[in-house]
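Novice: sequence and predicted structure are below.
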Amino acid sequence: MAQGLRPHYHQYYLYDIKNYYDKDKHCMIKKVTFRCMICGKENHERYEYKPPPKLNRSCKTLERNKKKYSNH
């Protein structure tokens, strides 16, 4: 597909995003794919991030204060 094209700087756009959980590293992985508008070359980037901790709902005073002082 890129045969015969003039030399150019790749201009990427966001093509695809996939999220999955890595069991070995115990973190979420976001795999982002970029594609060049001119020649179709793909570039992949990987981002690792820890999911936010789950909130413990057992404390009723925290719930009461949250409802009382929230900005609603």
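Specialist: Looks like it arrived, so ask away. As the structure is a computational prediction, the values presented were derived from the model and not from experiment. Residues are numbered from 1 along each chain as shown.

Novice: residue 39: neighbouring residues, count only.
Specialist: Other residues lying near residue 39 total 13 when counted by other Cβ atoms under 10 Å. Yep, even glycine has a C-beta here, placed from its N, CA and C like the rest.

Novice: assign it to helix, strand or coil.
Specialist: Using DSSP: H, G, I helix; E, B strand; the rest coil, the structure places residue 39 in coil.

Novice: quick check: phi and psi at it.
Specialist: Recorded main-chain torsions at residue 39 are phi -110, psi -10, according to degrees, to the nearest 10.

Novice: same check, this time on residue 66
Specialist: According to degrees, to the nearest 10, residue 66 has phi -60, psi -40.

Novice: and what of residue 62?
Specialist: Here is the backbone geometry of residue 62 (degrees, to the nearest 10): phi -60, psi -40.

Novice: what's around it, how many residues?
Specialist: Neighbour count of residue 62, defined by other Cβ under 10 Å: 12.

Novice: what does residue 41 give?
Specialist: Using other Cβ under 10 Å, residue 41 is surrounded by 13 other residues.

Novice: right, I'll leave it there.
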